[in-house]
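>>> my questions are about this predicted structure, shown below with the sequence.
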Amino acid sequence: MGKKKSCQEVIVPRPLDATETRLYGWVEKAVLTQQSVVESDALPEFRRSYPLMEDPGAEGDYVLEAARSSDRVPFRADEDGPHFLWVYQELFTRLRMRLPFSDFQRDVMTRCRVAVSQLHLNGWGFILAFEKVCLHFGFRPTIRLFFFIYDVHFPPGGYGYVSFRARQGRRLFDSYEESIQEFKWHYFKVLAAPEKRAFWLDHENKPFPWVYWNPEVKDFVVYNLEPLEMAAFNFLVSLPSGLPKRSKFTCRFILDGSDAEVGKFLGKGL
């Protein structure tokens, strides 16, 4: 993606000022030391290589902006500035995400009150792989089915990156990557182009709960499923044992493979 500073070159930032302490003092200190290494001159190349939008005709509706040296990923928009979305480069380069978010993705974030950039990349891997497999087999991905399988995994202290983990006996995929950290330094802003409306604003032009970091992330426990949901669950969790190469049944394989490759691997199912 063009010229890019190394994470090892990042300088530990100045202490938070009074306003920043009031707004972000609850955030894990390690997160507040993570200055983005993505530079402005790298963003045009990124945009050429990795489409941002699901609809190619909407590419011009949004612009990318590098973080300032004083920015940190939990920081909100200035009071007099436009609302923006922090995203990680790897969401597009590795997980093949496209914007805007699907109804299912928005439902997960809204229910948990977790921001796009507050969710660990492995957490996004579970969301996207689950959604892709459900759609492949003709199941509607729902947050009830997702949270019957996964629970919210809070970091030590509760104020760092949030992820998901399979509930006991309900493992579906392996993580995208066992230990993945590099993404935390590769963030930038997405803003609506002039005269365009951002998809992360509600009808009152207020940002949705999943736009900025939130100290009150919630879990969602589902104890019982409806018959059709239970049938979908039983089928999904049976997949790994029936596949010829179980070791490949990971979020990485599901998301990195083409639709044809994944379809061939999974088969037609029911």
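Noted; the coordinates are in hand.
>>> okay, now the unreliable bits of the stretch 51-200 of the chain?
Low-confidence segments of the stretch 51-200 of the chain, defined by pLDDT under 70: 158.
>>> quick one: the helices in it?
Applying DSSP state H, counting those that start in this stretch to the stretch 51-200 of the chain gives helices spanning 89-93, 103-112, 121-136, 143-149.
>>> let me have those helices in a markdown table, adding mean neighbour count and distance to Y212 as columns.
To be clear about C-beta, it is placed using only N, CA and C from the backbone, and glycine gets the same treatment. What follows is the helices of the stretch 51-200 of the chain, written out as a markdown table (neighbours: other C-beta atoms under 10 Å; distance: least, C-beta to C-beta, whole Å):
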| stretch | mean neighbour count | distance to Y212 |
| --- | --- | --- |
| helix 89-93 | 19 | 17 |
| helix 103-112 | 19 | 11 |
| helix 121-136 | 21 | 17 |
| helix 143-149 | 20 | 21 |
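>>> among the ones you listed, which comes closest to N205?
Nearest of the helices of the stretch 51-200 of the chain to N205, taken as C-beta to C-beta: helix 103-112 at 17.3 Å.
>>> list of residues touching the closest one?
With C-beta atoms under 8 Å, 6 or more residues apart in numbering as the test, helix 103-112 has contacts from 101, 115-116, 119, 127-128, 131, 141-143, 146-147, 152, 162, 208-210, 217-220.
>>> okay, the angle between that helix and helix 121-136?
Orientation note: helix 103-112 sits at an angle of 140 degrees relative to helix 121-136 (axes from the mean of the first three to the mean of the last three C-alpha atoms, to 10 degrees).
>>> check the offset of helix 103-112 from the chain's centre.
Mean-position distance between helix 103-112 and its chain equals 11 Å (C-alpha atoms, centre = their mean, to the nearest Å).
>>> on that earlier part again, now the helices of the stretch 51-200 of the chain in JSON lines, with distance to E178?
Output for those, formatted as JSON lines (distance: least, C-beta to C-beta, whole Å):
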{"stretch": "helix 89-93", "distance to E178": "15"}
{"stretch": "helix 103-112", "distance to E178": "23"}
{"stretch": "helix 121-136", "distance to E178": "9"}
{"stretch": "helix 143-149", "distance to E178": "19"}
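>>> so which of the ones you listed gets nearest D259?
Proximity to D259 (C-beta to C-beta) singles out helix 121-136 among the helices of the stretch 51-200 of the chain, at 8.1 Å.
>>> now do that closest one: which elements does it pack against?
helix 89-93, helix 103-112, helix 143-149, strand 163-166, helix 227-242, helix 251-256, helix 259-266 (3 or more C-beta pairs under 8 Å, 6 or more residues apart in numbering; DSSP states H and E).
>>> could you redo the last one with a cut-off of 6 Å?
strand 163-166, helix 251-256 (3 or more C-beta pairs under 6 Å, 6 or more residues apart in numbering; DSSP states H and E).
>>> I'd like the ones you listed as a markdown table, with distance to A30 and mean neighbour count appended.
Conversion of the helices and strands packed on helix 121-136 to a markdown table gives the following (distance: least, C-beta to C-beta, whole Å; neighbours: other C-beta atoms under 10 Å):
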| stretch | distance to A30 | mean neighbour count |
| --- | --- | --- |
| strand 163-166 | 15 | 20 |
| helix 251-256 | 24 | 20 |
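>>> quick one, which of those is nearest to H136?
That would be helix 251-256 among the helices and strands packed on helix 121-136, by C-beta to C-beta, at 9.0 Å.
>>> packing partners for that closest one?
Helix 251-256 packs on helix 121-136, going by 3+ C-beta pairs under 6 Å, 6+ apart.
>>> related to what we said a few turns ago, looking at the helices and strands packed on helix 121-136, which is closest to E177?
It's helix 251-256; of those, that one is closest to E177 (C-beta to C-beta) at 6.5 Å.
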